[in-house]
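[1] heads up, no residue letters with this:
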């Protein structure tokens with residue numbers, strides 16, 4: 001399945017549409033495909049919108065590229081991309097994108113473990129194949 005890069009200002013990014021599900025609730029949410037991210041991280045407000053009591057999850061800490069520590073909370077969810085659905089453990093964090101970017105992040109655990117990902121910047125495409 002192929003997706004087009006999205007343009008943010010003057011920058012192309014591998015951002016795609018997904019659906020996050022928890023119990024009987026779901027929400028459409030754009031995600032940045034980030035090969036440098038260890039796990040999938042979504043904004044706390046997205047978790048709350050699908051009925052998760054975010055701060056009741058397993059608390060973890062991560063360090064971003066700037067060295068700043070941030071807390072996040074792990075919860076089981078289902079992520080749907082195109083026709084594929086996977087149960088994953090994802091982190092929910094206040095201001096996951098620093099309120100700058102309107103998307104979450106999908107990383108190695110939860111995303112790359114389920115997909116073969118091909119980035120083609122010159123064509124502005126991302127191709128996903130199920131593992």
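    Okay, I see it. Note that the coordinates shown come from a computational prediction; the quantities given were computed from them, not determined experimentally.
[2] you'd agree residue 5 is up against residue 13?
    Yes: Residue 5 sits in contact with residue 13 when judged by C-beta atoms under 8 Å, with a separation of 6.1 Å. C-beta here means a position set from N, CA and C on the backbone, and glycine is covered the same way.
[3] for residue 6, what are its contacts?
    The neighbours of residue 6, taking C-beta atoms under 8 Å, 6 or more residues apart in numbering as the test, are 12-13, 15, 30.
[4] Farthest pair within the residues you listed?
    With C-beta to C-beta as the measure, no two of the contacts of residue 6 lie farther apart than 12 and 30, at 14.0 Å.
[5] ok, back up a step: mind putting the contacts of residue 6 into JSON lines with distance to residue 50 and neighbour count?
    Below are the contacts of residue 6 laid out as JSON lines (distance: C-beta to C-beta, whole Å; neighbours: other C-beta atoms under 10 Å):
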{"residue": "12", "distance to residue 50": "29", "neighbour count": "12"}
{"residue": "13", "distance to residue 50": "24", "neighbour count": "17"}
{"residue": "15", "distance to residue 50": "20", "neighbour count": "24"}
{"residue": "30", "distance to residue 50": "15", "neighbour count": "14"}
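[6] Many thanks, have a good one.
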